[in-house]
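S.K.: structure for the following, please:
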Amino acid sequence: MRLVRRVLTAVSALAITAAMAGCTDAVPVTYSEQASGDVLRIQVGGEGYRDVLEHVAKNHLAGDLKLELVDAAPDANTQVAEGKSDLAFYQTQPAFLGNQQADDHSTLSIAAKVDVAPYALYSSKWKDLKPTEDWINTNLVADKITGTSLPHGAEVAVPETKAGFARSLYLLQTVDLVRLDRPFGGLSVADLSVSDANVLESQRHLAIRGIDFAEYAKDIYHNYDAVVLDPTTASAIGLVPATDALAIEPGPGNPYSRVLVAPARLAGDARVTALAHALEGKEIAQYLTTTYRGKFISAQVPSEP
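M.R.: Predicted coordinates for the structure are as follows:
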């Protein structure tokens with residue numbers, strides 16, 4: 001992958017003084033003389049990764065901090081482990097943990113859980129998920145439809161991949177459409193690969209179909225009662241998660257959060273601490289909300305106003 005380097009300089013005119021305590025636009029950090037002159041070199045992903053870091057730098061959310069953003073290479077974690085880069089921000093938590101184990105990157109750890117690209121439930125036929133007595137697809141009696149809520153017996157198309165199917169089941173559980181044998185949020189292999197076998201109850205008697213959405217996502221959306229889509233696929237067929245979804249994955253506690261990864265050699269480094277706090281802060285949460293309209297959402301619990 002061609003490396004595209006961009007040095008972002010966030011030169012703050014604000015001194016780290018008691019006056020800064022009243023400023024909500026920056027993270028109050030005191031830098032050592034050595035740290036303040038260094039550049040953090042970050043292996044970074046594309047949409048929702050690079051622009052978030054650019055927003056941090058542009059708006060001085062981590063104080064006087066310089067970032068060099070480099071397109072993430074296939075061996076990005078290895079480069080961080082070997083000291084060729086300082087941080088990595090391009091992967092989900094499960095991807096990092098799997099890579100960490102496979103490549104013995106025991107010196108790397110998660111410095112911040114930033115955001116989530118959430119799966120969401122959509123329907124071209126039904127308006128909401130309110131309780132209903134309506135039934136369809138019984139093949140015994142005529143469909144009984146009196147309202148616009150997702151009826152009992154509805155066919156729901158979900159991604160056929162292991163991760164996509166599992167995330168779809170957890171999403172349906174969060175809105176009480178199915179009940180699984182475990183709660184959402186686990187990171188074990190068993191947790192991340194739940195299937196039909198883990199469904200204890202389908203409160204709305206749904207018929208869940210694993211499907212490949214690669215070429216026919218729009219047709220599937222219009223032909224099934226409901227579909228579960230990742231945000232990229234949803235956007236590609238003109239859906240906006242924040243306004244069109246009947247249900248959307250939660251950000252806090254989501255095991256698929258996208259993470260900032262740091263090496264042990266930078267443990268306690270004020271620059272990394274400032275960046276991590278900024279990425280998990282309310283300014284970035286608001287930026288994600290207004291910029292992406294549900295395509296990316298904060299992984300953090302909203303702070304009290």
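
S.K.: did I read that right, residue 88 in a strand?
M.R.: Yes. The assignment for residue 88 is a strand, going by DSSP: H, G, I helix; E, B strand; the rest coil.

S.K.: residues contacting it?
M.R.: Going by Cβ atoms under 8 Å, 6 or more residues apart in numbering, residue 88 touches 42-44, 72, 76-77, 79-80, 108, 260-261. All C-beta atoms are positioned from the backbone trio N, CA, C, and that covers glycine.

S.K.: buried stuff in stretch 74-88?
M.R.: Buried positions in stretch 74-88, judged by neighbour count with 16 or more other Cβ atoms under 10 Å: 76-81, 85-88.

S.K.: oops, could you answer that again for stretch 122-130 instead?
M.R.: 122-123, 126, 129.

S.K.: relative to residue 153, which of those is nearest.
M.R.: Ranked by distance to residue 153 (Cβ to Cβ), the buried residues of stretch 122-130 are led by residue 126 at 12.2 Å.

S.K.: relative to the strand or helix carrying residue 158, what are the paired strands and their orientations?
M.R.: Per DSSP states H and E, residue 158 falls inside strand 155-159. Applying DSSP bridges, strand 155-159 is found paired with strand 207-211 (parallel), strand 226-229 (parallel).

S.K.: next SSE downstream of that strand?
M.R.: Using DSSP H and E, the next helix or strand after strand 155-159 towards the C-terminus is helix 162-174.

S.K.: tell me the gap between that following helix and the middle of its chain.
M.R.: Offset of helix 162-174 from its chain centre (Cα atoms, centre = their mean, to the nearest Å): 14 Å.

S.K.: can you name every helix or strand that that helix contacts?
M.R.: Helices and strands touching helix 162-174, by 3 or more Cβ pairs under 8 Å, 6 or more residues apart in numbering; DSSP states H and E, are strand 120-122, strand 155-159, strand 179-180, helix 189-192, strand 207-211, strand 226-229, strand 247-248.

S.K.: can you give the contact residues for the first one?
M.R.: Taking Cβ under 8 Å, 6+ apart as the criterion, the residues outside strand 120-122 that touch it are 129, 156, 171-172, 175, 221, 226-229, 231, 234, 239, 241, 244-249, 294.

S.K.: farthest-apart pair in the buried residues of stretch 122-130, please.
M.R.: Largest pairwise distance in the buried residues of stretch 122-130, by Cβ to Cβ, is 11.6 Å, between 122 and 129.

S.K.: need the overlap of contacts for the two.
M.R.: Residues touching both residue 122 and residue 129 by Cβ under 8 Å, 6+ apart: residue 246.

S.K.: span of stretch 167-183 from start to end?
M.R.: 12 Å (Cα to Cα, to the nearest Å).

S.K.: chain center to that stretch: distance?
M.R.: Chain-centre distance of stretch 167-183: 18 Å, with Cα atoms, centre = their mean.

S.K.: what are the buried residues along that stretch?
M.R.: By neighbour count on 16+ other Cβ under 10 Å, the buried set for stretch 167-183 is 167-173, 177-178, 180.

S.K.: coming back round to it: any chance of a markdown table for the strands paired with strand 155-159, columns mean neighbour count?
M.R.: Output for the strands paired with strand 155-159, formatted as a markdown table (neighbours: other Cβ atoms under 10 Å):
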| stretch | mean neighbour count |
| --- | --- |
| strand 207-211 | 16 |
| strand 226-229 | 26 |
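
S.K.: beta partners for the most centrally placed residue in the chain?
M.R.: The centroid of the chain falls nearest to residue 116 when counting by Cα atoms, centre = their mean (1.0 Å). Residue 116 forms beta bridges with residue 297, as assigned by DSSP bridges.

S.K.: picking up where we left off before, out of the buried residues of stretch 167-183, the closest to residue 214 would be?
M.R.: Among those, and counting by Cβ to Cβ, the member closest to residue 214 is residue 168, at 16.1 Å.

S.K.: much appreciated, bye for now.
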